[in-house]
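[1] what shape does this take:
(one chain, ligands or ions: 1)
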Amino acid sequence: MTISITQPICVTGASGFLASWVTKMLIDQGYTVHATTRKMEKALFLKNLDGATDDNLKIFDGCDFSVENSFDKAIEGCYAVIHCASPFFNAGGTRENLIDPAVEGTEMVLNACKKYNVQRVTLTASSACVIVDYGTKADASATGNHVYTDADFSPADILEEKKNYYSLSKLYAEQKAWEMSKEEGCPYKLCVLNPSLIWGPMTKGQTHLNTSSAAIIQYMDGTHSKIQNGVRCVVDVRDVAEAHITPITQDIGWGKRYLLFGGAPHFQETASFVKKALTQNGSDAALSLVKNVPTEVDEKLQPTVMGPSADKPLLFDCTPAEKELGIKFKSVEEMVTTCVNELLANGFTGSNQYDTTKL
Ligand SMILES: NC(=O)c1ccc[n+]([C@@H]2O[C@H](COP(=O)([O-])OP(=O)(O)OC[C@H]3O[C@@H](n4cnc5c(N)ncnc54)[C@H](OP(=O)(O)O)[C@@H]3O)[C@@H](O)[C@H]2O)c1
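    Sure thing, here's the model as predicted:
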């Protein structure tokens with residue numbers, strides 16, 4: 001049952017791939033959004049979302065994890081906060097540029113929620129907090145077929161040993177959020193969402209090529225001469241956005257974490273969907289890229305990082321998200337096709353447009 005919410009809902013990092021969808025869907029559903037960004041020019045495209053007005057969308061700039069209390073103005077007066085902002089890249093990641101901002105940023109946002117008596121918080125965690133165990137769980141289980149659920153946690157000691165700073169940034173930020181939600185006098189209830197790699201369409205006008213969409217570009221621009229021999233768990237950005245909004249609007253899911261996986265395709269399937277999407281798109285730009293899509297699968301298996309070794313199926317159970325949050329996960333073909341079409345519509349055709357300084 002939808003509850004009545006008259007106060008604004010704050011979305012952090014609203015220029016981002018996921019948070020711009022959250023913003024769009026909240027506006028579509030009639031809510032008022034306080035959107036945060038570090039730089040106004042990066043978020044200005046949100047003003048062009050269908051139905052966005054000066055009344056239902058207020059953009060707050062200067063909201064930066066390195067600037068003390070910089071989220072206060074955006075959060076003051078809000079009923080709920082959807083905390084999506086976090087640095088997301090892998091290459092060049094360190095403790096200082098990934099873990100520190102993710103954890104300190106989460107603490108800053110949640111402290112502002114406490115200060116301004118926010119009632120509900122949904123937080124973007126990641127499959128990085130759940131399945132990144134370098135094969136230690138699935139391969140060591142009796143059947144080699146461990147089924148991942150929201151009860152699983154990636155082991156911090158192994159992530160530290162492997163220097164997997166992005167996964168650690170998500171794991172430690174999620175831990176910080178749970179700790180703070182259990183402190184005495186905390187005014188808000190917390191729900192955590194753990195999505196896998198997110199594909200699907202960018203919102204129109206997104207200014208940067210985000211990390212997960214860049215993985216699809218690599219199958220369009222010749223980066224991969226052979227298809228990677230492995231699987232990757234993926235989920236549609238629209239399903240992930242809905243999962244962040246539903247707990248707030250339906251008042252459900254508090255105190256829980258939800259695994260959000262829409263499928264686990266082998267890259268061979270992904271490559272075939274990319275080729276089909278480019279062909280069906282039919283624009284000159286799309287057709288010129290078809291020849292770049294690799295057809296031969298690399299003999300070498302992808303390293304074991306998430307779940308079991310690449311020759312075994314990656315098993316997971318997302319029925320809580322389906323049954324409790326009502327998510328009907330979109331198909332992998334739908335995610336890949338819409339991702340390709342909207343990358344092209346936003347003018348992204350090559351990995352050379354991926355610039356971590358613009359994330
Ligand atoms: N995409 C995926 O595959 C995936 C999978 C699982 C989880 N996630 C999580 O989903 C969330 C959104 O990711 P995304 O894919 O949408 O990436 P994205 O497009 O790079 O968006 C992340 C946003 O976070 C904000 N941000 C980054 N560093 C910040 C800092 N130091 N201070 C303040 N804000 C900062 C940025 O907003 P401004 O530049 O406007 O300030 C940026 O737009 C992240 O928490 C990510 O870890 C993503």
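
[2] quick one: contacts for the residue of the stretch 251-359 of the chain found nearest the ligand?
    As assessed by CB to the nearest ligand atom, the ligand sits closest to residue 359 within the stretch 251-359 of the chain, at 4.3 Å. From N, CA and C alone the C-beta is placed, and that goes for glycine too. Taking CB atoms under 8 Å, 6 or more residues apart in numbering, we find residue 359 in contact with 87, 88, 89, 208, 210, 211.

[3] now, which of those residues lie close to the ligand?
    Checked against the ligand using CB under 6 Å from any ligand atom, those give the following subset in range: 87, 88, 210.

[4] next up, identify which helix or strand residue 323 is on.
    According to DSSP states H and E, residue 323 maps onto helix 319-324.

[5] by contact count, what packs against that helix?
    strand 257-260 (3 or more CB pairs under 8 Å, 6 or more residues apart in numbering; DSSP states H and E).

[6] which residue ranges form the helices in this protein?
    17-28, 40-43, 72-75, 100-115, 156-161, 165-181, 211-217, 237-250, 267-281, 284-289, 319-324, 332-345 (DSSP state H).

[7] which one of those lies closest to residue 125?
    helix 165-181 (4.2 Å; CB to CB).

[8] just give me how far that closest one sits from the chain centre.
    Here helix 165-181 is found 15 Å from its chain centre; the criterion is CA atoms, centre = their mean, to the nearest Å.

[9] now stretch 56-63
    The chain centre lies 20 Å from the centre of stretch 56-63; the measure is CA atoms, centre = their mean.

[10] tell me the mean pLDDT over it?
    What stretch 56-63 shows for mean pLDDT is 98.

[11] would you mind writing the CA trace of that stretch as PDB?
    C-alpha atoms of stretch 56-63 as PDB (Å, rounded to 0.1, in the frame of the first residue of the first chain):
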ATOM      1  CA  ASN A  56       9.600  19.100  -7.800                       C
ATOM      2  CA  LEU A  57      13.300  19.100  -8.500                       C
ATOM      3  CA  LYS A  58      15.900  21.100  -6.600                       C
ATOM      4  CA  ILE A  59      19.600  20.500  -7.300                       C
ATOM      5  CA  PHE A  60      22.100  21.100  -4.500                       C
ATOM      6  CA  ASP A  61      25.700  21.400  -5.700                       C
ATOM      7  CA  GLY A  62      28.900  21.300  -3.700                       C
ATOM      8  CA  CYS A  63      27.700  18.100  -2.000                       C
END
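
[12] show me what counts as buried in stretch 168-178.
    168, 169, 170, 171, 172, 173, 174, 175, 176, 177 (16 or more other CB atoms under 10 Å).

[13] and the ligand, which of those residues contact it?
    Among the buried residues of stretch 168-178, the ligand is touched by residue 170 when using CB under 6 Å from any ligand atom.

[14] now tabulate the buried residues of stretch 168-178 in JSON lines and tack on pLDDT and distance to residue 121.
    Shown next, in JSON lines, are these (pLDDT from 0 to 100; distance: CB to CB, whole Å):
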{"residue": "168", "pLDDT": "98", "distance to residue 121": "22"}
{"residue": "169", "pLDDT": "98", "distance to residue 121": "18"}
{"residue": "170", "pLDDT": "98", "distance to residue 121": "16"}
{"residue": "171", "pLDDT": "98", "distance to residue 121": "18"}
{"residue": "172", "pLDDT": "98", "distance to residue 121": "17"}
{"residue": "173", "pLDDT": "98", "distance to residue 121": "13"}
{"residue": "174", "pLDDT": "98", "distance to residue 121": "12"}
{"residue": "175", "pLDDT": "98", "distance to residue 121": "15"}
{"residue": "176", "pLDDT": "98", "distance to residue 121": "12"}
{"residue": "177", "pLDDT": "98", "distance to residue 121": "8"}
